[in-house]
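Undergrad: any chance you can model this:
(one chain, ligands or ions: 1)
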Amino acid sequence: MTKLRLGVNIDHVATVRNARGGDNPDPVRAAQLAQAAGADGITAHLREDRRHISDDDILRLSQTLTIPLNLEMAATDEMLNIALKARPHAACIVPEKREERTTEGGIDTAGQHNRLKPIVTALGGAHIRVSMFIEPDRRQLDASKALGAPVVELHTGAYAHASGAAREAELEKIRVAAAYGESLGLEVHAGHGLTYDNVKAIAAIPQIRELNIGHFLIGEAVFIGLDESIRTMRRLMDEART
Ligand code: PXP
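TA: A predicted model of the protein is given here:
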């Protein structure tokens, strides 16, 4: 099986920093440490309300990282302009609601084709690899393909938050969607809510090429350090793949 890439989302290092203002802890330092611990990429979500990652963080990440930066962004003109200036390796288009605590569902690529198309085209034209953060649903996969996005990221939140038979059903949806996505020629990623306990079943899906994981890794770092937290996740992903 192909090696599964790990994108480490550093948003919540910035959440802790912003709880007090000032410069500490610095998400860029966390990104460098994540790289040393085996991250294949760094993911950061510049939200409209700047509740965690700031414009300056994105600038510093894009200037200092030697592994790919994946900018999570809402499909707005403001974010498009920032992406075109920062030139991250990739941009993941996410839905964004001010009142939500985290990205609650996938973007409706099927219902918003006309709004999303110019943004996907402009990012692609700047050689930024566009991914659509979608629910594991055939319609959303077809619509992502129709938008011309080369990548989809399947939302694993419903799987992560379910238990028992419901979790198995959510897992099956992700398996089916990953296989269908690959058959369309899309590169398939996944993420949201992944932990040491639930990552293996997702990592074992052969069509998935990358996982983006944040909140759990940063929380676990409080207890065992960021290096160990990431190395353990990396090991579990590799074990699931063999
Ligand atoms: N992928 C996307 C598109 C996300 O929006 C998020 C959350 O910011 C993640 C992955 C990571 O989710 P979590 O922080 O729950 O690991």
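Undergrad: quick check, central residue of this structure?
TA: residue 212 (4.2 Å; Cα atoms, centre = their mean).
Undergrad: helix, strand or coil for that one?
TA: Under the three-state scheme (DSSP: H, G, I helix; E, B strand; the rest coil), residue 212 adopts strand.
Undergrad: bridging residues for it?
TA: Counting by DSSP bridges, residue 212 is bridged to residue 7, residue 191.
Undergrad: who's in contact with it?
TA: 7-9, 43, 70, 92, 153, 189-192 (Cβ atoms under 8 Å, 6 or more residues apart in numbering). To be clear about C-beta, it is placed using only N, CA and C from the backbone, and glycine gets the same treatment.
Undergrad: please apply the same query to residue 91.
TA: Residues near residue 91 by Cβ under 8 Å, 6+ apart: 70-73, 83, 123, 128-131.
Undergrad: let's see it at 7 Å
TA: 71, 73, 83, 123, 128, 130 (Cβ atoms under 7 Å, 6 or more residues apart in numbering).
Undergrad: try residue 145
TA: By Cβ under 7 Å, 6+ apart, the contact list for residue 145 reads 184, 186.
Undergrad: what strand or helix carries it?
TA: helix 138-147 (DSSP states H and E).
Undergrad: tell me the helix or strand right after that helix.
TA: strand 151-155.
Undergrad: helices of the protein, residue ranges please.
TA: 11-20, 27-36, 55-64, 77-86, 113-125, 138-147, 157-161, 164-183, 199-203, 215-224, 226-241 (DSSP state H).
Undergrad: quick one, which of those helices is nearest to residue 48?
TA: Residue 48 sits nearest to helix 77-86 of all those, at 7.5 Å, using Cβ to Cβ.
Undergrad: buried set for that closest one?
TA: 79-80, 82-83, 86 (16 or more other Cβ atoms under 10 Å).
Undergrad: for this structure, what lies in contact range of the ligand?
TA: 9, 11, 45, 72, 92, 94, 102-103, 133, 153, 191-194, 212-216 (Cβ under 6 Å from any ligand atom).
Undergrad: of these, grab the buried ones for PyMOL.
TA: Per 16+ other Cβ under 10 Å, the buried members of these correspond to this PyMOL selection:
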select buried, resi 9+11+45+72+92+94+103+133+153+191+192+193+194+212+213+214+215+216
